[in-house]
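**Student:** give the three-dimensional model of this entry:
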Amino acid sequence: MSLLTENIIPGSHGKIFGTNAVHKEDLLEIKNALLKMHGIKDVIINLNVFPKEFTIYTTTLVKVENIQNVVEHLGFHAIPQGLFKL
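**Tutor:** The predicted structure is shown next:
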């Protein structure tokens, strides 16, 4: 594991997560819960792919594990996708 795989680093690239949430209401609930976390600047939901994805942008270093715990508390999964494209 490395800094890039275990954390979301601040910047304009964000980190993409796949989720098993399907309904728009569930995705909005995930977004609102994540926006309450310290360091989360924005959460963008992509409804045009399956499985659904959301991208998280941060202002500070945020652990992927913390994101997964918040989403799991809501009854869904958050699976980090590959590293950002350079």
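**Student:** for the host helix or strand of Asn66, which positions count as buried?
**Tutor:** In the assignment (DSSP states H and E), Asn66 maps to helix 64-73. Neighbour counts over helix 64-73 (16 or more other C-beta atoms under 10 Å) mark 64, 66-68, 70-71 as buried. (C-beta placed from N, C-alpha, C; glycine too.)
**Student:** now do the worst-scoring helix or strand of the chain on mean pLDDT: distance to the chain's middle.
**Tutor:** One helix or strand of the chain scores below all others by mean pLDDT, DSSP states H and E: helix 3-6, with a mean of 81. Chain-centre distance of helix 3-6: 14 Å, with C-alpha atoms, centre = their mean, to the nearest Å.
**Student:** not counting it itself, show me its contacts.
**Tutor:** 9, 63-65, 80, 83 (C-beta atoms under 8 Å, 6 or more residues apart in numbering).
**Student:** could you work out the most separated pair of those residues?
**Tutor:** Pairwise distances across the contacts of helix 3-6 (C-beta to C-beta) peak at 16.9 Å, for the pair Glu65 and Leu83.
**Student:** might you list the low-confidence residue ranges for the protein?
**Tutor:** Within the chain, the stretches with pLDDT under 70 are 1, 83-86.
**Student:** where does Lys31 sit: helix, strand or coil?
**Tutor:** helix (DSSP: H, G, I helix; E, B strand; the rest coil).
**Student:** wouldn't it be in contact with Val43 here?
**Tutor:** Yes. Using C-beta atoms under 8 Å, Lys31 is in contact with Val43, at 4.4 Å.
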